[in-house]
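Chemist: any chance you can model this:
(one chain, ligands or ions: 2)
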Amino acid sequence: MSNESPTPRYLCQRCGNCCRWPGDVRITDEEVACIAAHLGLSEAEFTAQYTRLNANRTGLSIIDRPGGAGECVFLEGLNVCRIQAVKPVQCRGFPNEWRFPGWRDVCEAIEAS
Ligand code: SF4
Ligand code: SF4
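Modeler: Numbering: from 1, shown residues only. Ligands and ions are numbered 1, 2, ... in the order given. Below is the predicted model:
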């Protein structure tokens, strides 16, 4: 029998903080197609308007809001994602699928009871 505690599940409180952190919001080719269709754009239009090479130049990331303070271009107000229905796996996976050191200082998710 193991004495290890199970990894807790975290429930997002929709504070929007993870949409304001600097860094890459990576998107796959399939996500490009899906988000472009959601926005009524061709994949070429979407890629040109809303993506850039990610930091290590191995794929695409969503751009920050032009003139903003590092927030994602699809963040509206404090916590509304304009592409919520089709947001990338990276966005869906935090903080249960991936985390980084110090994440607890900025993420308001609570542990599921
Ligand atoms: S795509 Fe949506 S959920 Fe992901 S960082 Fe941008 S605003 Fe946030
Ligand atoms: S920072 Fe945490 S609680 Fe806030 S929206 Fe992102 S995942 Fe949810």
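
Chemist: going forward, measure contacts between C-alpha atoms and count neighbours the same way
Modeler: Fine.

Chemist: residue 67 versus the residue positioned nearest the centre of the chain, what's the distance?
Modeler: Geometric centre of the chain, nearest residue: residue 91, 3.0 Å, by Cα atoms, centre = their mean. Residue 91 sits at a distance of 22 Å from residue 67 (criterion: Cα to Cα, to the nearest Å).

Chemist: again, but for residue 59
Modeler: 23 Å.

Chemist: so for the two, which sits in the more crowded spot?
Modeler: With neighbours defined as other Cα atoms under 10 Å, residue 59 and residue 67 compare such that residue 59 has more, 14 against 7.

Chemist: list the residues that contact the more buried one.
Modeler: By Cα atoms under 8 Å, 6 or more residues apart in numbering, residue 59 lies in contact with 26, 27, 28, 53.

Chemist: just the buried ones from those?
Modeler: Neighbour counting over the contacts of residue 59 (16 or more other Cα atoms under 10 Å) leaves 26, 27 as the buried ones.

Chemist: from the contacts of residue 59, which are also near ligand 1?
Modeler: The subset of those within reach of ligand 1, by Cα under 6 Å from any ligand atom, is empty.

Chemist: among the contacts of residue 59, name the ones in strands.
Modeler: Using DSSP state E, 26, 27, 53 are the members of these that sit in strands.
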